[in-house]
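this one's sequence-less:
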Ligand SMILES: Cc1cc2nc3c(=O)[nH]c(=O)nc-3n(C[C@H](O)[C@H](O)[C@H](O)COP(=O)(O)OP(=O)(O)OC[C@H]3O[C@@H](n4cnc5c(N)ncnc54)[C@H](O)[C@@H]3O)c2cc1C
């Protein structure tokens with residue numbers, strides 16, 4: 001049956017777009033973290049929704065699981081097959097669906113293919129005099145479909161919301177090969193369940209997103225970016241709060257666009273890996289990055305004379321300061337296999353939770369290095385732990401349980417994937433999980449859409 005299926009796939013997309021040899025499939029079967037990966041039956045590269053519908057029908061008939069993949073930058077193991085899985089999936093690579101539609105000037109919306117990268121969509125919007133509201137460091141590999149499937153966050157959530165807030169329409173292929181298309185992008189459309197919203201954050205478990213219509217934003221005007229040293233998470237939050245107020249009162253129309261946080265171990269690591277100088281006069285336990293729309297004159301910054309800060313006005317200087325934050329994932333990546341915990345807590349509890357996490361991880365066995373960086377404005381901490389073996393999950397569980405005690409989320413923006421599927425109960429009630437399973441069962445009765453992701 002399986003070689004037959006591969007032949008059928010080749011008839012659908014053409015021989016050149018079906019990979020089976022280990023060299024050809026290698027980039028698709030191991031994830032960005034190198035922590036997750038497993039065998040696949042084949043990688044298939046369809047060119048449109050019609051081909052994807054045929055592929056899904058063929059896989060359903062053969063009872064073979066499918067795994068949609070975008071840029072393979074996901075960090076929770078959902079974009080690659082399970083290790084030692086007894087039913088290797090067909091990986092459906094979305095990278096040929098790269099259409100960029102014309103920007104609709106009246107609505108400020110655009111329809112793009114799921115395989116277009118985030119960076120391509122951002123530049124397409126800018127060329128038309130608009131901007132796309134989501135940004136993250138993996139922008140030149142991550143696809144729009146992947147960012148919708150994970151409901152990606154990134155650095156501008158405080159200004160524009162997460163990916164779900166950008167999506168106004170979707171086209172997707174369901175497990176039975178039916179195509180749902182709802183791309184008109186009308187702001188008012190109360191005609192039943194919002195399937196686009198349901199597919200946001202579904203991580204390939206409900207359907208394959210083939211095109212997305214997103215809202216764009218008008219350019220915001222000039223910004224300032226600053227790095228500021230503080231002594232604690234409590235001070236970081238206080239600074240951010242003052243920045244929000246200052247940016248609104250000092251320069252009318254201005255606003256806080258990003259508020260990020262990097263602790264001293266993470267600063268030390270990125271300085272050494274990326275060969276960057278320590279940017280401030282003193283060594284601080286926490287460095288805050290603020291990006292403020294304030295006409296580019298610094299009038300939105302909440303700094304008094306004693307502040308240890310560096311402020312960038314030009315684009316190149318701003319890029320230089322952003323590197324301390326944007327190169328964190330890469331910096332930890334060179335230290336080995338990293339246990340990456342992406343968590344969030346209510347802002348009012350962030351300082352206490354972060355302090356407890358640091359104390360807790362210091363007591364855990366086999367930890368060589370750890371640090372915290374993240375999206376302060378969103379209560380989102382990326383806790384990176386190096387030392388424990390890839391399959392030693394004690395540190396992961398300790399962090400997730402700690403966050404759960406503070407009423408937080410075990411996945412702020414990366415999704416649940418395979419990495420956290422067993423821990424969903426830490427932040428979702430039994431009733432919620434039952435409802436989610438019912439939706440999954442209704443849309444994917446054979447359980448062939450990315451099995452092992454989201455639910456164990
Ligand atoms: C350096 C770095 C920085 C990052 N920073 C951030 C950040 O700031 N914020 C953030 O949220 N994430 C961040 N990420 C994580 C990652 O970039 C996002 O999760 C991104 O949305 C994944 O997009 P992708 O195209 O690479 O998807 P993949 O990794 O290929 O897939 C991710 C999941 O989505 C599913 N999927 C992919 N495409 C489709 C589709 N068309 N239809 C249905 N399901 C699909 C997959 O099955 C999988 O479950 C970062 C990653 C890296 C490496």
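Received the coordinates, thanks. Being a predicted model, the structure only gives us computed values, none of them experimental. Numbers count the residues shown, from 1 in each chain.

any idea how this structure splits into domains?
Listed domain ranges for the chain are 2-93, 109-215, 223-329, 337-437 (source: automatic domain parsing).

lowest-confidence stretch among the ones you listed?
Ranked by mean pLDDT, the domains of the chain bottom out at domain 223-329, with a mean of 92.

any residue of that domain touching the ligand?
Yes: for domain 223-329, a contact with the ligand is found by Cβ under 6 Å from any ligand atom, at residue 329. (C-beta placed from N, C-alpha, C; glycine too.)

in CSV: the domains of the chain, plus mean neighbour count.
Shown next, in CSV, are the domains of the chain (neighbours: other Cβ atoms under 10 Å):
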stretch, mean neighbour count
domain 2-93, 19
domain 109-215, 21
domain 223-329, 18
domain 337-437, 19
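
the ligand contacts on this structure?
32, 67-75, 78-79, 94, 114, 136-138, 142-143, 145-147, 149-150, 152-154, 203-204, 208-209, 329, 413-414, 450, 453.

please flag which of those sit within helices.
Counted as lying in helices by DSSP state H, out of the residues of the chain next to the ligand, are 145, 146, 147, 149, 329.

surely residue 150 meets residue 73?
No: using Cβ atoms under 8 Å as the test, residue 150 is too far from residue 73 to be in contact (9.5 Å).

taking the stretch 251-400 of the chain, what residue is nearest to the ligand?
residue 329 (3.7 Å; Cβ to the nearest ligand atom).

correction: the previous question concerned the stretch 201-350 of the chain.
Counting by Cβ to the nearest ligand atom, the stretch 201-350 of the chain gets nearest the ligand through residue 204, at 2.8 Å.

what segments of the stretch 251-400 of the chain are helices?
In the stretch 251-400 of the chain, helices defined by DSSP state H, counting those that start in this stretch lie at 264-274, 315-326, 328-333, 347-362, 394-405, listed in chain order.

could I get those helices as TSV with distance to residue 54?
Formatted as TSV, the helices of the stretch 251-400 of the chain follow (distance: least, Cβ to Cβ, whole Å):
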stretch	distance to residue 54
helix 264-274	45
helix 315-326	40
helix 328-333	37
helix 347-362	48
helix 394-405	39
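
residue 227: which of the ones you listed is closest?
Minimum separation from residue 227 across those (Cβ to Cβ) falls at helix 315-326, 5.4 Å.

residues making contact with the closest one?
137, 155, 223-227, 260, 262, 267, 270-271, 274, 276, 279, 287, 289, 291, 310, 312, 373 (Cβ atoms under 8 Å, 6 or more residues apart in numbering).

just stretch 184-192 next, same as before
By Cβ under 8 Å, 6+ apart, stretch 184-192 touches 104, 107, 109, 111, 168, 169, 213, 215.

between the helices of the stretch 251-400 of the chain, which one is closest to residue 235.
Closest among these, once you apply Cβ to Cβ, is helix 347-362, at 8.7 Å.

circling back: out of the domains of the chain, flag the one nearest residue 445.
domain 109-215 (7.6 Å).

show me the strands in the stretch 201-350 of the chain, by range?
Remark: strands assigned in the stretch 201-350 of the chain by DSSP state E, counting those that start in this stretch are 207-215, 223-230, 255-263, 286-293, 309-312, 338-344.

rewinding a little: grab the nearest non-local neighbour of the residue of the stretch 251-400 of the chain closest to the ligand.
The spatially closest residue to residue 329, leaving aside those adjacent along the chain, is residue 137, at 6.4 Å (Cβ to Cβ, 6 or more residues apart in numbering).

the one you found contacts residue 333, doesn't it?
No: using Cβ under 8 Å, residue 137 makes no contact with residue 333, being 11.6 Å away.

follow-up on the earlier one: CSV for the contacts of stretch 184-192, including secondary structure?
Below are these laid out as CSV (DSSP: H, G, I helix; E, B strand; the rest coil):
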residue, secondary structure
104, strand
107, coil
109, strand
111, strand
168, strand
169, strand
213, strand
215, strand
